[in-house]
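Visitor: here is my input, please return the structure:
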Amino acid sequence: VEPKIDGLSVILRYEGGKLSLALTRGDGLTGEDVTRNVRTVKAIPLQLRSLDLSGPPSFLEVRGEIYLPKADFAKLNEERDALGLTTFANPRNAAAGSLRQLDPKVTAQRPLRALVYEAREVVDSQGVPVVWQTEVETLSKLKALGFPVPPYDLCGSLDELLARIPEWESKRHNLPYDTD
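Guide: Numbers count the residues shown, from 1 in each chain. You can find the predicted model right below:
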């Protein structure tokens, strides 16, 4: 069981262990290239760590969310209001607007964070496709590569899973970011 972060969905592509491309969903058919701006988000690794002695994956594509923490959102809106600028409607819109700036320097000034939760394609350092078998394995590998991952609870049965849902419904309001 893990919370669904309410941020801007991004796809991150790494080639030779280095960030090579970052895309949003754009209009749903064509993604928007936000690579230059994503490079300024401190939570996103520009270079992957090695999983073993052979080095990082030669190709990796992951999915995650870029978000603005609630406290930072409130501070940003206070600053914008004091300057007579339009305030953002919610943290998700603030994150999206920040990531879509034409000037990466503006993006770099915003306290954006990220959580990565899905490996879409993995090719090891020897060129062999890899499939991580479980969500827990995936999150563990992503964390080892240097990505921030969402918190989660591992459940041993359907009954345990169903019991955790109300717990998460309650504690999600105490997370530093919005959830869906």
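
Visitor: please, where are all the strands along the chain?
Guide: Secondary structure of the chain by DSSP state E: the strands cover 8-15, 18-24, 59-67, 113-123, 129-130.

Visitor: for those strands, which one sits closest to residue 46?
Guide: strand 18-24 (5.0 Å; C-beta to C-beta). Where C-beta positions appear, they are placed from N, C-alpha and C, glycine not excepted.

Visitor: mean confidence score for that closest one?
Guide: In this model, strand 18-24 has a mean pLDDT of 96.

Visitor: remind me which residues of this structure are low pLDDT?
Guide: Counting by pLDDT under 70, the chain contains no low-confidence range.

Visitor: residue 173 is nearest to which of the strands of the chain?
Guide: Closest to residue 173 of the strands of the chain, according to C-beta to C-beta: strand 59-67, at 15.4 Å.

Visitor: by contact count, what packs against the closest one?
Guide: Applying 3 or more C-beta pairs under 8 Å, 6 or more residues apart in numbering; DSSP states H and E, one finds that strand 59-67 contacts strand 8-15, helix 91-99, strand 113-123.

Visitor: can you rerun that using 10 Å?
Guide: If contacts are counted by 3 or more C-beta pairs under 10 Å, 6 or more residues apart in numbering; DSSP states H and E, strand 59-67 sits against strand 8-15, strand 18-24, helix 91-99, strand 113-123, strand 129-130, helix 135-145.
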